[in-house]
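1. Give me the fold of what follows.
(2 chains)
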Amino acid sequence: MIPASFAYARPTTVDEALQAIAAGGDDVKIMAGGQSLIPVMRLRLAAPETVVDLTKVAELRGVREDGDSLVIGAMTTHTDILRDPLIAQYGKLIAEATETVADPAVRHRGTFGGALAHADPAGDLPAVALALDAEFVIAGPGGARRSVPASAFFVDYLTTALDEGELLLEVRVPKLGEGWGVRYEKFNRVAQAWSIVAVAAAVRMEGGRIAEARIGLTNMGSTPLRATATEQALVGADVSLETVTAAAAQAAEGTEPSSDLNAQADYRQHLARVLTGRAVRAATGL
Amino acid sequence: MTLTDEPTTAEAPVKEVGNARLRKEDARLITGKTTWTDNMVLPGMLHMAFLRSPVAHATITNLDVSAAKDRPNVVAVFTGQDFKDEQGSIPCAWPVTPDMVNPGHPSIAVDTVNHVGEAVAIVVARTRTAAVDAVEAIDVDYENLPVVLDMETAVQDGADLVHASTSSNTSYHFVFDAGEAGTGSDTDAAFRDAEVTVSRRFVQQRLIPAFMEPRSAVVGVQGDNYTLWSATQIPHILRVMGALTTGIPEHKLRVVAPDVGGGFGGKLQVCPEEILALLVARRLGKPVKWTETRSESLMTAHHGRDQVQFIDVAAKKDGTVTGLRVRLLADMGAYLRLITPGVPALGAFMFPGIYKFPAYRFECDGVFTNKVPTDAYRGAGRPEATFAIERIMDELAVELDMDPMELRRKNWINAEEFPFTTVAGLEYDSGDYEQATQAALELLGYDELRAEQKRRRESNDPVQLGIGISTFTEMCGLAPSRVLGSLSFGAGGWEQASIRMLPTGKVEVVTGSTPHGQGHETAWSQIVADELGVPFEDVEVLHGDTAISSRGLDTYGSRSLVVGGTAVVKAAEKVVAKARKIAAHLLEASEDDLEFSGGKFSVKGTPGAGLGIQEIALAIFAAHDYPEGIEPSIDAEAAFDPVNFSFPHGTHLCAMEVDTETGFVKIRKYACVDDIGNIVNPIIVEGQMHGGLAQGISQALYEEAIYDADGNLTTGTFVDYLLPSAADLPDFATGNTTHAATSNPLGAKGVGEAGCIASTPAVVNAALDAVRHLGVEDILMPLTPERVWRAIHTGGDGGARAAEGSNAYGGARTTESGYEEADK
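-> Next comes the predicted model:
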C-alpha cells in the first residue's frame, strides 16, 4: 500500500529532534526504525502530518555502563544489542528476547527504544523491560528531562507515559551479574511471528534458595504484565521442581488476555503457566 | 558476407539431460535484473486503483465519485455502470455438468457486491499515489443482504441465496460412478456386503496461493492494437479469453507474460483486473498500469481448496478394501472463474489413489458463498483427494488394528500389474510402490523412530512422537486433449514448440509453455543441447509473448516438461531431419549413409568427413548451395498431444513431535522417495520437491484463510495468513526411484505438484499417530497449537479457531474505511 503524504524531518541531535517534533504540527510520529510505523502507515491506519526520523541522531545509539546500571540508547538497534559486549555480560535476558524479534532485516533496522515506545504487548521487549524494572529517561519539549519507571511507562494498549512532544532518550536497566539466571521463553507458530505468549524470567539464587524473581508476561493483556503471584511464591523458596511448578501455576492470575486467531484467552492463560514453569526452570538450571 | 560471431565449435558434453545444471535464469531473476510487469513504464502511462467492497453481500444504493474526480492528477473515475454493457463475464472454461449454473462474473460490480474485495470503482490517475488517494474520496452506500458463508448451511432448502437469479446456492452436482462408467462394480452393493466400514468427514481449509510477485497488468495502446503485459501463468489462454470477453479481436491483442514471480495456480486466471485494464485503456486510448498490494492480493486473487469431504471406505476384516464412496461440498466462492468448478471434478479421479478398489462412487456439489472465488492452487483437486484417501487408510488401519503400511501394501497395485486401469478409469502406466516405500523407510530410519515412539509412550513423555505415511500417486502432465474434451474442459492439452537455427549457430527455442519460476530455460536448453548436439550455452529459450510464441497452452498441472518438453524434442527431431538433407547434399552422400551424433553429420565408414548442424545453419542462411525442392530453412515447429496423463508416485514419511503440554507440533524428520520418471535436471527436481513439500506441510500446519461472521477476510496480511520460512521447516531427506513414463519420449512424469500433493496427509497422520493413544481421532487443519492442545485435553477435533482478532498492527481488521484498529 501507499501511505498518505506526510512531512519528513531527519534531525541529527536530540535538540533538533525536539524542535522538529514541536514544529511538526498536530500529528507527529517519531520514527525510530520504522518496523512498526511504516507498515501501519502503508495500511493507512496512521496518517501522520509529520514523521521525525531519528536514524541520524547518533547520541541516542549505543550501550554504556553507569554504576550498577546498563544505559541503552533508544536508537540502539536490535542488531547492536546482540553484538554488544556489555549486553552479553549483564543483559542476557534482553539479548535472549531480542534474538527472537522478527527476522534479521527487522532486527537490523528496528530499535530497542522504538519497540518499547510502540508498547505492543505482543512485542518481546516490553515484558523484559517491565521484569527488569527499567527506568525510562524522557526529554520534554524544552529539553527538560524526566524519568519514568517501567511500572508507570506502559499505560495501555500501544500507549505509554510519553506525552506529546516528548522523546524517549534512553533506558536504564540493572546489571544482572553473578547469581542471576535468565530465560526468555517465547511461544509462536513460526519463527518470524509475534509471540502468542512469552515469559521473561530473571531469578537470583543464593544458597540453594531463590532470593529474587522477576517475571514479565508478553501478550497476556493490553500491556506487558508481571506474574506477581508467581514471583512472590518463588522468593524464599528452595530451587526445586515442585516449588517452581507450584509457583508457575499462578502465573496467569489476574491476567485478561485477548482472544484472536492464534489463541483464545483460556489457552493463553494455560500457555502462560506452562511457559513460566519452563522459563523459571531454565533460569534456575533445573 | 561477414559474421561477427563464429559458429561455436566447442564440443557439447556427452549428455546434458540428467546433468545437475545450475539454472541459467536464476541470476537475473534473483537479482531483479529483468523486467517484471510492475517495472514497465510506457510513455503517458496512467495508473489504476480500485475501490473495493468492504461488505460481503449488498446492494449498491448510492455511488458518488464526483469528489474523487476533483482530486489532483485524477484523469477518470469509472464504476460498474460505465462498463456494464461491455465487460461481459469473466469466462468459466470448465462447465463440469451440462446443467451447471453460472450466474456470470462481472469484472466490476454493477448493482450488487458478492464478496469483500469485489471492485466497485476504478480511479485512473497520472500517478499511483494520486489514484490511491482519490479512492478515499469515493462515497458509497450499501444496503446489506444476508451473507452466505457456510457451505453446509448454504445447501439447505430455504437457505439465503448468494445470487438472487439462481434457485439455490448449488452450481452443479457432478457424479462419477464406476459402476455406471463400467470401470468398477456397484458401490452400494460393496457397502451392503462390507465386513467393515469407516466413515469420516474431513475439511480442506481455504488456502491462498500467495505467489511472491503480486499480480500486475500493463496495457499499451497502438491505434486499435492492444498489448497486455501481465504477471500471468497463461498468456495464451488470456489472449483468447481476453479477446472473447472484451471484444478486442484476437489478432489485435498481444499478451506478454514477462518474467513472472511465481503462481502456484493463482495466476492461472483471467483476472477481473486484467479485463478492466483493457477496458480502461480502450476507453481512454491511453496506456494504463495496475499492480496489486499484498493485502489486495490476499483479499481478491482467487483462493484454493475449501472442501468438506465425506468419505466412506468398505473393507474385509483382513484389510482388503472393497469400496469407496466420496461426497464433497466444494466452495466455489461468489463466482465461477476460469476453472473454478473443475478443480474438485479433477480430483474425482484420484480418490482411489494407488489402491485396488473394486467399487467407487464420487459426488460433488459446487456451492456458492459470499467469498472470493476458489480456483486452481498447486495440485488442484489432487491434494484434496490424496489427503482424504491417505487419511482414511490410516483410520481403517486403526479400525482393523493393522499396521498402516501393511494395510496399504495389501491393497496397492503391485509393480508387475502395470499398466493398471483403476476403478476411476485411469491407466496408471508405470511404477513400483514397494520399492519407493522401502527406500523411504530407510531414509527416515523408520525402525529406530518407532522404537523411540514406544519409549516416549511408555514413559509418558510430555513430548510424544508419531510417524505419518502418505503413499500417493497423482495424475498430471495435463493433458490428453481428447480426455479433457470428454471432461467438458474448454481447451485441449497439447503443447507447441519451435526451434530457430540462427546463422551463427545459436539456437532459439520458442515454447508455448510459459514459465513463472520453474526453470524452463535451463531444462529446455539441456534437452536441445542433447537433441541437436549443440552447447547448452548456445540455446536461448523464448516464451510468454504471444507475438513470439503464437501457440501454446501455458504452465500448470505439472505439464511443462511432459508435454511442452516433448514438443521441444519433436521440433528438434524435425530440425535434424531437415538438416540431414542439406548435409547429404553438401557432403555429397546419400541421406541413408549419414549418421548424426554430437551435433555432427558424418558419412558412415568415412572418418573425418563431417558437417556440424551449426555449420549447416550458416550454410542454409546463406543458401548459396542447397538441394532443389526444399525450403532454405532448417527451422521447425511441432505440437505434441499426449495420449495419457502421467502418474508420479511416491512414499512420504513424516516423523512428528507433539508437545502435549502446549500442543506445539514440530516435524522431527521428513523423508520421501518419489518416482517422477526420467529426470532432466536433478537440481530443479530437488527445488520443486522442497517447495512442494513446504506448501503441503504448510496446509497441514500453518495456512488458513479465515472469514469472520460478516464475511471479512480476517487473514488479510501475512501476519495472520501464516506462511513458514526455512526456519520453520525440517531438512528434507529426498530420493527417487525411476520408472519412465510411457506416454512421452522423455519418460518424464512431472514434479511440480508432487510434494504439495503428497505431504499434507503424511503430516496430519504423523500428528495423530503421536497422540491417538490419548484419545485423539482427528484434528482440523491447520494444526495450530491451540487446536492440538484442545484435542488432547478436551477431545474433539480442536474446534474452530477464533475468526476475529489479529496480531497484525494492533488488531487491524477490514472495515468500510479499509482498516480500523480493533478494540483489544
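2. Got the phi and psi for residue B:238?
-> Dihedral angles of residue B:238 (phi, psi; degrees, to the nearest 10) stand at phi -60, psi -40.
3. actually residue A:258, not the one I wrote
-> Dihedral angles (degrees, to the nearest 10) for residue A:258: phi -80, psi 170.
4. Residue A:281 now?
-> According to degrees, to the nearest 10, residue A:281 has phi -60, psi -40.
5. Next, the contact list for it, please.
-> Shown in contact with residue A:281 (C-beta atoms under 8 Å, 6 or more residues apart in numbering or on different chains): A:241, A:244. Backbone N, C-alpha and C define where each C-beta goes, glycine included.
6. Next: residue B:491.
-> Residue B:491 makes contact with B:93, B:237, B:484, B:553, according to C-beta under 8 Å, 6+ apart.
7. Out of these, the closest to chain A would be?
-> Of all the contacts of residue B:491, chain A sits closest to residue B:237, with 30.3 Å by C-beta to the nearest C-beta.
8. My read is that the closest one contacts residue B:553, right?
-> Yes - under the criterion of C-beta atoms under 8 Å, residue B:237 makes contact with residue B:553 at 6.9 Å.
9. buried set for stretch B:652-666?
-> Using 16 or more other C-beta atoms under 10 Å in any protein chain shown as the test for burial, stretch B:652-666 gives B:652-665.
10. which two in those residues are spaced the farthest apart?
-> Maximum pairwise distance among those (C-beta to C-beta): 28.1 Å, between B:652 and B:661.
11. What is the burial count for the residue of the stretch 151-300 of chain B found nearest chain A?
-> Nearest residue of the stretch 151-300 of chain B to chain A: residue B:293, at 4.7 Å (C-beta to the nearest C-beta). By other C-beta atoms under 10 Å in any protein chain shown, 16 other residues sit near residue B:293.
12. Tell me how many other residues surround the closest residue to residue B:239 other than its chain neighbours.
-> Spatially, and ignoring its direct neighbours in sequence, residue B:239 is nearest to residue B:255 (4.2 Å; C-beta to C-beta, 6 or more residues apart in numbering or on different chains). Neighbour count for residue B:255, taken as other C-beta under 10 Å: 27.
13. and if you look at residue B:278?
-> Using other C-beta under 10 Å, residue B:278 has 25 neighbouring residues.
14. looking at this, it is in a helix?
-> Yes - applying DSSP: H, G, I helix; E, B strand; the rest coil, one finds residue B:278 inside a helix.
15. ok, it - contacts?
-> B:219, B:226, B:228, B:242, B:246, B:248, B:253.
16. how about the residue of the stretch 151-300 of chain B closest to chain A, phi and psi?
-> The phi/psi pair for residue B:293 (degrees, to the nearest 10) is phi -90, psi 170.
17. Strands - which of the contacts of residue B:278 land there?
-> The members of these that map onto strands under DSSP state E are B:219, B:226, B:228, B:253.
18. Which two among the residues you listed are spaced furthest apart?
-> Farthest apart among the ones in strands among the contacts of residue B:278 - using C-beta to C-beta - are B:219 and B:253, which lie 9.7 Å from each other.
19. Touching both of the two, which residues are there?
-> With C-beta under 8 Å, 6+ apart, residue B:219 and residue B:253 have common neighbours B:226, B:227, B:228, B:278.
20. okay if I get the contacts of residue B:278 as TSV plus neighbour count, distance to residue A:256 and pLDDT?
-> Formatted as TSV, the contacts of residue B:278 follow (neighbours: other C-beta atoms under 10 Å in any protein chain shown; distance: C-beta to C-beta, whole Å; pLDDT from 0 to 100):
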residue	neighbour count	distance to residue A:256	pLDDT
B:219	27	53	98
B:226	23	58	98
B:228	27	54	98
B:242	24	54	98
B:246	23	56	98
B:248	20	59	98
B:253	20	59	98
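21. thinking again about what came up before, the buried residues of stretch B:652-666: which ones sit near chain A?
-> Among those, proximity to chain A is found for B:661, B:662, B:664 (C-beta under 8 Å from any C-beta of the partner chain).
22. quick one: which of those is nearest to residue B:600?
-> residue B:664 (61.9 Å).
23. quick one: the closest residue to the closest one other than its chain neighbours from residue B:706, how far?
-> Nearest residue to residue B:664, sequence neighbours excluded (C-beta to C-beta, 6+ apart): residue B:785, at 4.6 Å. Counting by C-beta to C-beta, to the nearest Å, the separation of residue B:785 from residue B:706 is 16 Å.
24. Up against chain A, what does the stretch 1-150 of chain B have?
-> Contacts of the stretch 1-150 of chain B with chain A, taken as C-beta under 8 Å from any C-beta, map to B:128, B:129, B:132, B:133.
25. From the chain's centre, how far out is the longest helix along chain B? Work that out for me.
-> Longest helix in chain B, counting residues (DSSP state H): helix B:566-587. Helix B:566-587 sits 35 Å away from the centroid of its parent chain (C-alpha atoms, centre = their mean, to the nearest Å).
26. And what about the residue of chain B at minimum distance from chain A, helix, strand or coil?
-> Ranked by C-beta to the nearest C-beta, the top residue of chain B for proximity to chain A is residue B:805, at 3.1 Å. Three-state assignment for residue B:805 (three-state DSSP): coil.
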